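# Need a 3D model of the following:
(one chain, ligands or ions: 1)
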Amino acid sequence: MACLAAVGAEATALLFRRLAPSPVVPRRRLAVCCRAHRRDLRTAAQLPQKSTGNAKPHNSANIQKDQASGSTDKERQEKSEDENDISNLQLEDLIRMIQNTEKNIMLLNEARLQALEYVEKILKEKEDLERKINILETRLSETDVQLKLSTEGKFSAEINDSPSVLELDDIKEENILLKDDIQFLKAMLIEVAETEESIFKLEKERTLLDASFRELESRFIAAQADMLKHGPRQYDSWWEKVENLGDLLETTSNQVEHAAIILGRNHDLQDKVDKLEASLVDADISKFSCYFVDILQERIKSVEERFQACNHEMRSQIELYENSIVEFHDNLSKLVEETEKRSLEHSTSNMPELWSRISLLIEGWLLEKRISYNDANTLREMVWKRDSCLWEAYLSCRVLQSIDQCSSGLHIVHIAAEMAPVAKVGGLADVISGLGKALQKKGHLVEIILPKYDCMRNDQVNNLKVLDVLVQSYFEGKMFNNKIWTGTVEGLPVYFIEPQHPAKFFWRAQYYGEHDDFRRFAYFSRAALELLYQSQKKIDIIHCHDWQTAFVAPLYWDVYANLGFNSARICFTCHNFEYQGTAPAQDLACCGLDVEQLDRPDRMRDNSHGRINVVKGAIVYSNIVTTVSPTYAQEVRSEGGRGLQDSLKVHSRKFVGILNGIDTDTWNPSTDRHLKVQYNANDLEGKVANKAALRKQQKLSSAYASQPLVGCITRLVPQKGVHLIRHAIYKTAELGGQFILLGSSPVPHIQREFEGIADHFQNNNNIRLLLKYDDSLSHWIYAASDMFIVPSMFEPCGLTQMIAMRYGSVPIVRKTGGLNDSVFDLDDETIPMELRNGFTFVKADEQGLSDAMERAFSYYTRKPDVWKQLVQKDMSIDFSWDSSSSLYEDIYQRAVDRARAAA
Ligand SMILES: Nc1ncnc2c1ncn2[C@@H]1O[C@H](COP(=O)(O)OP(=O)(O)O)[C@@H](O)[C@H]1O
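Numbers count the residues shown, from 1 in each chain. Model prediction:
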């Protein structure tokens, strides 16, 4: 188009260069011609006067007058001669005039030819213009169609249906081209206007010519009259010439008229162009944009209206939904009530909570002596078997003489110092509830006995109530009352013993760390056995844990078996051989044990000094001894046994290491209510969200989402490798990661040291040390962290690495104890690929930890895909109690079978 414009402009300029002189030159020439004619004519009229001096003026009228007056011949001859002279002179003038006229006609002809040429060019220009206008009109109609499409019937369409940015760009481009065309047309129009002006000048010229011609004609008529007398032949030729001149004039007039018509058409063209321009201005992109914005606004308005309508609809739906929830809750409570009622009357399915409550009820009645031992036993059996006709059986039990001793499961009682989540310090608490629940699921009757701590979380106990009975137990030569509380924790029936002893053994605002811990737990062990004895239960397994309840084993066999309470077999699990419960031998007497009998190297005397050792007592007196991982079981047979290796060797046939599991209901990222967002292995976005939320809450930098967060949740004791934990903090900072520690220490100097580190990093936005115990926060840290550090010096089992993996946090651990049984190095080619799940190091030094951390960071940053697969794999590993509880079930059963066989 620009090219066309250039060509057009050039052509127009050329036309004007050529035409410009045309109207000027002919006009000047014609004016000269006309002036010449007039001068010639004037000269012709004046000549006789000039030649005669005083002669009167003569004309044809005078000649006729003279002829009519009848003058003399001479006079007439002289007069005739004079007249002939005049006539000759006039004729000469006339001839000259005609010659001039001829010249003028030639000039006129030339002008006409130029005008013709000019008109032809105009016609051509016009055709070009028309063609361009047609193109423009087509484009305009296309633009119109686009506009129409945008406006008509599209309002209802979604905003998504709006012309794309690409379409808009096309329209913009189109409009820019149209604008160029308009510019070109404008230039052309200016040229046309100039052409028009030329034509006007031509027209003027023609009018002038016309006037000169008419003057010539009148003169010619006069001359003709004269010529009638003198030369008809010449007259003929003049006449012919004049006729030609007339024809020429007519042709020129026609051409001028034609030019006027073209001019008119050009006017029309200009009108059209004006309209076109106006339309294009309408279609101007800015207007189009405004228009489009209007359309969008209208659409937004309609969307807003629809949104409001939806909102309204949603609100009413929510109302309905809320009403239905209320209704649902009502129904649910009714249903629960009914189900509870029915469960007492009819059969119930496997509802541990309910059966635990019934069991506690029965035990309570028995202890309170509301029912006889036999009745209680019958009811126990029914509870155990989930008997649907419990109440009917109860009513008819009076007539029953014998009790079917065959049951599908075992009656297992755990006596422990901790249980999650009601009284938790460390992993022991997790094991009690995790293993207990798993065994209960397998159809065993499981009960738990705990101290009634003042600091325990009563909110975690269902139906906590005190029985209307006091159980008496022996301590330091006296009998003391114990209040018995019952309740269910995680669906397990739990008995809480509250000693009515002046020492207020469990009113210390903490679980351990008291100066009289040995006495506290000696008291508790004895009271727990007393409770079981008085309830006259026929228990299969009494499972005691760690030194705090290790007293149970010697007490059971030395005291209670002698009283006929001997149906049970004792299982002792040592969760940590570091804590063995040693004391001067005489201290053992507090709970009624015979020091003399027990303070012997093969019984309870410690292997290295003269004190008694309750863990050793449990090893000696229990039917089953376990520890919490196979590797640790191996380790404690040598150095790790802390002096008890020989005892373990002696009793190795009953000693086994069973890897702990974790409670996968409590530790479940897809249901965990402590998390900001729940997630699972297939959808890790929630993990990212938890990380972001924790960073924000702990004022850690959120600048880099991909900056790895290293977690550590632990008791800060030497066993956990505190110096390596400290090193991990600095190493993480060096590697550009973030570190969060949750832990506290019972050891004052360690606590102080970490408080110092916490202060040091107080304003650091990559390191945070939280020196406290916080169960809820621990869940969040497991979920938020990318890596998890467990650099223990020794680790009987360790649960944190398993929990971390369940939450998709890759463990970096020292290869020891249970860590060695649960974490396998990603780069260890001696291990099958499918088992590799973390990073390990062997030597308990900073270098070992640094290497493992560097490898982990390297995978995390350089191989994100491998890392993601690792996270997903870790989250899918089965760390539940399922398989481990089966191993316990198996060893319990074998012990019970041996007992029955012996009986
Ligand atoms: N400061 C703390 N806050 C909350 N939970 C903690 C804290 N320290 C340890 N835990 C929890 O205690 C348990 C530790 O178990 P484990 O790894 O066997 O170590 P240990 O029993 O030796 O302390 C885990 O459930 C862990 O989450």
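# tally of neighbours for the residue of the chain found nearest the ligand?
Going by Cβ to the nearest ligand atom, the ligand is nearest to residue 427 of the chain, at 2.2 Å. From N, CA and C alone the C-beta is placed, and that goes for glycine too. If you count neighbours by other Cβ atoms under 10 Å, residue 427 ends up with 26.
# residues contacting it?
575, 628, 660, 797, 798, 799 (Cβ atoms under 8 Å, 6 or more residues apart in numbering).
# again, only using 6 Å
residue 799 (Cβ atoms under 6 Å, 6 or more residues apart in numbering).
# What separation is there between it and residue 575?
7 Å (Cβ to Cβ, to the nearest Å).
# What parts of this structure come near the ligand?
Proximity of the chain to the ligand (Cβ under 6 Å from any ligand atom) is limited to residues 426-427, 430, 713-715, 742-744, 773-775, 778, 797-800.
# could you redo the last one with a cut-off of 5 Å?
Within the chain, the positions near the ligand by Cβ under 5 Å from any ligand atom are 426, 427, 713, 715, 742, 743, 773, 778, 798, 799, 800.
# Would you list the buried entries among those?
Neighbour counting with 16 or more other Cβ atoms under 10 Å marks 426, 427, 713, 715, 742, 743, 778, 798, 799, 800 as buried within those.
# element containing the fifth one, please.
For residue 742, the host element (DSSP states H and E) is strand 738-744.
# what lines up beside that strand in the sheet?
Paired strands of strand 738-744, with direction, are strand 709-715 (parallel), strand 767-770 (parallel) (DSSP bridges).
# list the buried ones in it?
738, 739, 740, 741, 742, 743.
# Check what contacts it and list those residues.
With Cβ under 6 Å, 6+ apart, strand 738-744 has contacts from 700, 707, 709-714, 716, 729, 732, 766-773, 778, 781.
# Please produce a PyMOL select command covering the buried subset of these.
What follows is the PyMOL syntax selecting those of these that are buried according to 16+ other Cβ under 10 Å:
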select buried, resi 700+707+709+710+711+712+713+714+716+729+732+766+767+768+769+770+778+781
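# To what extent is residue 197 buried, counted in neighbours?
Neighbour count of residue 197, defined by other Cβ under 10 Å: 11.
# ok, residue 544 to residue 463 distance?
Computed as Cβ to Cβ, the residue 544 to residue 463 distance reads 25 Å.
# Between those two, which has more neighbouring residues?
The residue with more neighbours, out of residue 544 and residue 463 and counting by other Cβ under 10 Å, is residue 544; that gives 28 against 12.
# I'd like the strands paired with strand 738-744 as a markdown table, with mean pLDDT appended.
Listed next are the strands paired with strand 738-744 as a markdown table, based on pLDDT from 0 to 100:
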| stretch | mean pLDDT |
| --- | --- |
| strand 709-715 | 98 |
| strand 767-770 | 98 |
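# Work out which residue lies at the spatial centre of the protein.
Centroid check for the chain by Cα atoms, centre = their mean gives residue 685 as the closest residue, at 9.0 Å.
# Now for the closest residue to that residue other than its chain neighbours, how many residues are close by?
Nearest non-adjacent residue to residue 685, counting by Cβ to Cβ, 6 or more residues apart in numbering: residue 679, 6.6 Å away. For residue 679, the count of nearby residues is 21 (other Cβ under 10 Å).
# okay but residue 679 is in contact with residue 687, surely?
Yes: using Cβ atoms under 6 Å, residue 679 is in contact with residue 687, at 5.2 Å.
# coming back round to it: what's the pLDDT at the residue of the chain closest to the ligand?
pLDDT for residue 427: 95.
# do you know how far it is from residue 713?
According to Cβ to Cβ, residue 427 stands 11 Å off from residue 713.
# The helix or strand hosting residue 855 vs strand 709-715, what angle?
In this assignment (DSSP H and E), residue 855 forms part of helix 846-862. Using axes from the mean of the first three to the mean of the last three Cα atoms, to 10 degrees, the direction of helix 846-862 lies 140 degrees away from that of strand 709-715.
# Any buried residues in helix 846-862, and which?
Residues 846, 848, 849, 850, 852, 853, 855, 856, 857, 859, 860 are the ones in helix 846-862 that count as buried (16+ other Cβ under 10 Å).
# show me the contacts for the last one.
Spelled out, it's residue 860. Neighbour list for residue 860: 708, 867 [criterion: Cβ under 6 Å, 6+ apart].
# let's go with 8 Å and repeat that
By Cβ under 8 Å, 6+ apart, residue 860 lies in contact with 708, 786, 787, 867.
# Not counting sequence-adjacent ones, nearest residue to residue 826?
Spatial nearest neighbour of residue 826, chain neighbours left out: residue 836 (4.8 Å); criterion: Cβ to Cβ, 6+ apart.
# quick one: pLDDT of the one you found?
Residue 836 is given a pLDDT of 98.
# That one is in contact with residue 828, isn't it?
Yes: the pair residue 836 and residue 828 passes the contact test of Cβ atoms under 8 Å, sitting 6.5 Å apart.
# how close does residue 139 sit to residue 295?
According to Cβ to Cβ, residue 139 stands 21 Å off from residue 295.
# Residue 133 too?
For residue 133 relative to residue 295 (Cβ to Cβ), the value is 30 Å.
# re the thing from before, anything in contact with each of residue 427 and residue 575?
Shared contacts of residue 427 and residue 575, counting by Cβ under 8 Å, 6+ apart, come down to 628, 797.
# next SSE after the longest strand seen in the chain?
The longest strand of the chain (DSSP state E) is strand 462-475. Under the assignment DSSP H and E, the closest C-terminal helix or strand after strand 462-475 is strand 478-489.
# and residue 514, how many residues sit next to it?
Other residues lying near residue 514 total 16 when counted by other Cβ under 10 Å.
# I figured residue 581 hits residue 619, correct?
No: counting by Cβ under 8 Å, residue 581 does not reach residue 619; the two are 11.9 Å apart.
# can I assume residue 605 is in contact with residue 617?
No: the criterion here is Cβ under 8 Å, and residue 605 misses it with residue 617 at 9.3 Å.
# list residues touching both of these two?
residue 598.
# So these two - more neighbours on which side?
Taking other Cβ under 10 Å, residue 605 and residue 617 do not tie; residue 617 has more neighbours (29 against 19).
# Nearest residue to the more buried one in space, please, no chain neighbours.
In space, residue 617 comes closest to residue 604 once its chain neighbours are excluded; the distance is 3.9 Å by Cβ to Cβ, 6+ apart.
# could you list every residue that touches the one you found?
554, 585, 588, 593, 598, 612, 613, 614, 616, 617, 620.
# In contact with the nearest residue to residue 778 once chain neighbours are set aside, which residues?
Nearest residue to residue 778, sequence neighbours excluded (Cβ to Cβ, 6+ apart): residue 713, at 5.0 Å. Shown here is residue 713, whose contacts under the criterion Cβ under 8 Å, 6+ apart are 741, 742, 743, 778, 781, 782, 800.
# which one of the residues you listed sits closest to residue 756?
residue 741 (13.2 Å; Cβ to Cβ).
# And the average pLDDT for the helix holding residue 855 is what?
For helix 846-862, the per-residue pLDDT averages 98.
# Kindly report the same for stretch 432-444.
The model assigns stretch 432-444 a mean pLDDT of 96.
# That stretch: which residues count as buried?
For stretch 432-444, by 16+ other Cβ under 10 Å, it's 432, 433, 434, 435, 436, 437, 438, 439, 440, 442, 443, 444.
# Next, find the distance separating the last one from residue 737.
If I follow you right, that is residue 444. From residue 444 to residue 737 the distance is 45 Å (Cβ to Cβ).
# chain center to stretch 106-119, what's the gap?
Here stretch 106-119 is found 81 Å from its chain centre; the criterion is Cα atoms, centre = their mean, to the nearest Å.
# Dump it to CSV, keeping only the CA atoms.
Output of stretch 106-119 as CSV, limited to C-alpha atoms (Å, rounded to 0.1, in the frame of the first residue of the first chain):
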residue,chain,number,x,y,z
MET,A,106,-3.9,26.2,-33.0
LEU,A,107,-3.0,27.3,-29.5
LEU,A,108,-6.5,26.4,-28.4
ASN,A,109,-6.2,23.1,-30.1
GLU,A,110,-2.9,22.4,-28.3
ALA,A,111,-4.5,23.4,-25.0
ARG,A,112,-7.4,21.1,-25.8
LEU,A,113,-5.1,18.2,-26.5
GLN,A,114,-3.4,18.9,-23.2
ALA,A,115,-6.8,19.1,-21.5
LEU,A,116,-7.7,15.7,-23.1
GLU,A,117,-4.5,14.2,-21.9
TYR,A,118,-5.2,15.7,-18.5
VAL,A,119,-8.7,14.4,-18.5
